[in-house]
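*Asks:* generate coordinates for the sequence data below:
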Amino acid sequence: MNRKTGDFEEGFDKANKLIDIGFDSEFGPGDLPIETRGRKLNGVIAPSCLDEFSSAALAWAYKEVAESVIADVYIVLGRDDNKRNKFSTFLFSDWDTSFGTVKVDVEFGRKLIKGFPKLRNSFEAFQGNNFVDIQLPFLQYANKTVLGKIKFVPILVGDVSYEEICGFADAVSDTGKNVCVIASSNLTYYGKEYENVPFLHGIKENIYARDKGLLGFVNNLDVKGFLESSKKGGVFDRNVIGVFMEIMRGLGCKKGRVLNYYTSGDLEGYGKAIGFGVVAF
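*Replies:* Numbers count the residues shown, from 1 in each chain. Purely as a prediction, here's the structure:
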């Protein structure tokens, strides 16, 4: 039996509506993807939540995917909040979304485990975790004319050291596959419910300034600089982004392109806010 993703029960209509909202939003790209497939995309950072606030940033990310060469395998990184876990994958079955089935590249996943034994195949790690799930409807949409060719490997990143980040990134590089890495991650989380209220005034300006600094590290692939700067709190996806950056370095990337940045506060007010930064390599 295939794994059912978080959006499966909600159905096609809701996911499709969010995609439409994303492309049409004032913060979205406006135009739908043009299937030129003329460039190589090594990876992209996309929001780790799927709702009306994040959908515009997701649209920017997957417009880039749709207009790039189809990867042999898409590696989708997400956060694992279980501090006992390091790196986890799920190779037990394919995954069903509201748009249909996405195939898991089991052979590639096993090759990663062989190259980096700290990666474990775990059913439990993915229970109740939707950080990878939310990327799949957009990935299917971006590749809707070639759905049968799409394969992916889910990876959850937990409490990892810089040395472990480098080890996993080396394993990805050593596979020799044409990979595209999607980092399901956000920047600053601000608000009482996130236990991060470092300032009470000039909230938008302060979040924008902090995230601009973080995006500078990401854009220039300064992994250590990013990991150090993001320690201050409110960047829950820091390890996911760190792993993504190190993989990009291993694939020979030098500099990224910031496609889009805004916060959920721009749409729902600044009682709480999440920073969405879309960066492509």
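*Asks:* where's residue 57, which helix or strand?
*Replies:* Element membership of residue 57 [criterion: DSSP states H and E] is helix 55-66.
*Asks:* where's the nearest residue to residue 276 once chain neighbours are set aside relative to residue 18, distance?
*Replies:* In this structure, residue 276 finds its nearest non-sequential neighbour in residue 57, 3.8 Å apart by CB to CB, 6 or more residues apart in numbering. Yep, even glycine has a C-beta here, placed from its N, CA and C like the rest. In this view, residue 57 and residue 18 are 12 Å apart by CB to CB, to the nearest Å.
*Asks:* swap in residue 251?
*Replies:* 30 Å.
*Asks:* and residue 211, by the same measure?
*Replies:* 23 Å.
*Asks:* what do you get for residue 235?
*Replies:* 25 Å.
*Asks:* centre of the chain to the helix or strand in which residue 101 is found, how far?
*Replies:* If you go by DSSP H and E, residue 101 is part of strand 100-104. With CA atoms, centre = their mean, to the nearest Å as the basis, strand 100-104 stands 18 Å off its chain's centre.
*Asks:* got a list of contacts for that strand?
*Replies:* Contacts to strand 100-104, defined as CB atoms under 8 Å, 6 or more residues apart in numbering, come from residues 2, 90-91, 93-96, 136, 139-140, 147, 150-154.
*Asks:* looking at these, which are in helices?
*Replies:* Of those, the ones assigned to helices by DSSP state H are 136, 139, 140.
*Asks:* Three-state assignment for the closest residue to the second one other than its chain neighbours, please.
*Replies:* The spatially closest residue to residue 139, leaving aside those adjacent along the chain, is residue 74, at 6.3 Å (CB to CB, 6+ apart). Reducing the assignment to helix, strand or coil with DSSP: H, G, I helix; E, B strand; the rest coil, the entry for residue 74 is strand.
*Asks:* what distance do you get for residue 74 to residue 187?
*Replies:* Counting by CB to CB, the separation of residue 74 from residue 187 is 22 Å.
*Asks:* again with residue 109
*Replies:* 28 Å.
*Asks:* again with residue 37
*Replies:* Distance, residue 37 to residue 187, by CB to CB: 29 Å.
*Asks:* measure the residue lying closest to residue 120 once chain neighbours are set aside to residue 54 for me?
*Replies:* Spatially, and ignoring its direct neighbours in sequence, residue 120 is nearest to residue 88 (5.7 Å; CB to CB, 6+ apart). Remark: distance between residue 88 and residue 54 (CB to CB) = 24 Å.
*Asks:* repeat that for residue 105.
*Replies:* For residue 105, the distance to residue 54 - CB to CB - is 26 Å.
*Asks:* please apply the same query to residue 45.
*Replies:* Distance, residue 45 to residue 54, by CB to CB: 12 Å.
*Asks:* neighbour-wise, which of these two wins?
*Replies:* residue 45 (32 against 23; other CB atoms under 10 Å).
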